[in-house]
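>>> Coordinates for the following, if possible.
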Amino acid sequence: MLTKPSQFQRDSEAKAFDLEHRRKIRFNIGKYNAAVQTGLDWYRDHELARERASYLKAKAINHLDDYLLEFERNFTARGGRVIWAQNAEEALLEIGKIMARKHARTVVKAKSMTTEEIHLNSFLEKNGIESIETDLGEYIVQLNGERPYHIVTPAMHLSKQDIANIFVKHLGIQPTDDAQELVLTARRLLRQKYTTAEVGITGGNFLIADVGGVAVTENEGNARLSATFPKTHIAIVGIEKVIPRLQDLDLFWPLLSTSGTGQQLTVYNTVYTGPRQPLEKDGPEEMYVVLLDNGRTNLLEQPDKREALHCIRCGACLNVCPVYKNIGGHTYETTYSGPIGSVISPHLAGMEENKHLSFASSLCGACTSVCPVKINLHNLLLKNRQQAVSQGFTDKEERRAVGFWLYGMKHRWAWDAAPAAGKNWVLSRLLGEVGWSKRRDALQIAPKSFRQLWKQRKK
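Numbering: from 1, shown residues only. Okay, the predicted model is just below:
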C-alpha cells in the first residue's frame, strides 16, 4: 500500500500530464481571475482594506477565548444552543444525539467545508440518514461520489458535458447540453427535500461575537432554505471564524466575495442569531452551533504559525497557485487543498502524514500576494518544512545525505577529499526526493573540484 506522500506524487504526476484536466481548470480559473481583477477595481484602496482585515483577524485570534465566550453568551441569550467539539468524533457524537432526538431521516445540507472535514455525510449515511447537498456544485460531486475539488467551487474540474453525463447516469434525465435545463433539474429535485427534511445543516463564514450571530454568504439561496424550512438548524463552524463586531462584516463580506468570485457582494448574505423568536413568522424551532476545534488549537499555540487561522476561505490562493492549477484539488487528499490547505492540513490532520503538502509549493509567493487578510502563506510553508525536519519526519537516507552535505560545506577539506562518486550519491539523494532526476539527466560532479584545478594551474 502506498504511503500518502507516494500516492500524492503519483497522483500529481498523472494530473500534471492530463491535458484535458489542465484545459478545464485553466478555463474555469481564468474566468474567475478575470472577474476578480474587475472586482478589485471597485476598491479605492484595496491594500488598506487588506491591512484592516488582517488587523481585525489578528485581534480576534489573539483573544479567541474571550470572543468565543462572548459569542456563546449572546447566542444562548436568544435561545440558541452551543456545542463545543474538541475533535470530529465529539462533533459527530453530539450531532448524532440531535438526530436521534428528532428522529431525523433526511437532512438538507448547505455548502460547508467543516462538514467535509468531519466526514459528516458518511456518518449520517452509516446511521441510516439521507444527507442531501443543496449547493449545486456540492450536489454534482456528491452524485459523482467525489469530494469537493475547490474550497469555493466544488465542481470546478467538470465541464458542462461532464455534468450532463453525471445527471444522465444518476438521475436518468435525457441527454442535454442546456446548462439552464441542468440547473432546473437539480432545483426540482431539491425543492421537495427542503420541505420534508427534519434537520438543516449549514456552515458559517463568520461568527459575530457582539450579537451572537452566524454569518452565511452564498449565491444560490440554498443555505437560507436549508436553515428555514427544517424545524432544527445546525451550524458547524470552526472556532477561528469569529470576528468582534457585526459592523466588521462591511469589510469582510466584500473582501470575501471579491477575492473569491469577483463580486462586490454575494447574492445572499444572512446572519442567524438563534431559533425563531415569538413574533417571527419563519425559521427553525431549535438552532445549534457546533464550535469545532479539530486541531485548530495546535496552530493557536504556535505564535509563529498562528496567522494561518486568519483565513476566511475565499479560495484566492488556490486560483493563483501554479501547483494547484497543474495537479488539481483532489490530488491533495485533504479537505483543504492548495496553499492554505498545505499550510493548515499538517496541523489539523497530523504533521507526519501530511508533511509532504508543505513541500508541494514553488514558494513563488503568489498566494501571499492575493490573500485578502495578508497571511504570509509561503513563509508558513517554509516553517512547516522546518518543523517536519526538526521533528524527524524526513527519510533516513535523506537526513544522512543532508548531514554529509552540511559537514562538507562546513569543512571544505572533507568535501574536496571526498570522491566524485560520493558527492554524486549525496546529490542523488537530495534531488531524488523531489523528483529532479526523473525527467532530467542526473547532475554529475566533476572528477576534480575547482580548488583542485586551481592549485594545479598555479603549479
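>>> Tell me the spacing between residue 127 and residue 91.
Separation of residue 127 from residue 91 (Cβ to Cβ, to the nearest Å) stands at 14 Å. In short, each C-beta sits where N, CA and C put it, glycine included.
>>> Equivalent analysis for residue 168, please.
The spacing between residue 168 and residue 91, counted by Cβ to Cβ, is 36 Å.
>>> Tell me which of the two has more neighbours.
Taking other Cβ atoms under 10 Å, residue 168 and residue 91 do not tie; residue 91 has more neighbours (26 against 13).
>>> tally of neighbours for the closest residue to the more buried one other than its chain neighbours?
Once flanking residues are discounted, residue 91 sits nearest to residue 85: 3.7 Å by Cβ to Cβ, 6 or more residues apart in numbering. Neighbours of residue 85 under the rule other Cβ under 10 Å: 21.
>>> ok, now which ones touch residue 85?
91, 94, 290-294 (Cβ atoms under 8 Å, 6 or more residues apart in numbering).
>>> ranges for the strands of the stretch 101-250 of the chain?
Here the stretch 101-250 of the chain has its strands, by DSSP state E, counting those that start in this stretch, at 106-109, 130-133, 199-202, 206-208, 213-218, 232-238, 242-243.
>>> May I see these organised as TSV, with mean pLDDT added?
Shown next, in TSV, are the strands of the stretch 101-250 of the chain (pLDDT from 0 to 100):
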stretch	mean pLDDT
strand 106-109	97
strand 130-133	96
strand 199-202	98
strand 206-208	98
strand 213-218	97
strand 232-238	98
strand 242-243	98
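>>> Low-confidence regions, this protein specifically.
Across the chain, the ranges flagged by pLDDT under 70 are 1, 432-436.
>>> how far away is the residue sitting nearest the centre point of it from residue 315?
Nearest to the mean C-alpha position of the chain, by Cα atoms, centre = their mean, lies residue 336 at 2.6 Å. In this view, residue 336 and residue 315 are 10 Å apart by Cβ to Cβ.
>>> what's the overlap in contacts for these two?
Common neighbours of residue 336 and residue 315, using Cβ under 8 Å, 6+ apart, are residue 151.
>>> hey, which helix is longest across the chain?
helix 19-40 (DSSP state H).
>>> Sort out for me which of the contacts of residue 85 are in helices.
Counted as lying in helices by DSSP H, out of the contacts of residue 85, are 91, 94.
>>> Let's have the contacts of residue 85 in CSV, adding distance to residue 103.
Converted to CSV, the contacts of residue 85 look like this (distance: Cβ to Cβ, whole Å):
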residue, distance to residue 103
91, 20
94, 17
290, 20
291, 25
292, 25
293, 29
294, 28
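>>> do you know how far residue 142 is from residue 115?
12 Å.
>>> ok, now residue 215?
From residue 215 to residue 115 the distance is 17 Å (Cβ to Cβ).
>>> more neighbours, the two?
Taking neighbours as other Cβ under 10 Å, residue 215 and residue 115 compare with residue 115 leading, 27 against 23.
>>> need the contact list for the more buried one.
If you count contacts by Cβ under 8 Å, 6+ apart, residue 115 has them with 109, 121, 201, 203, 236.
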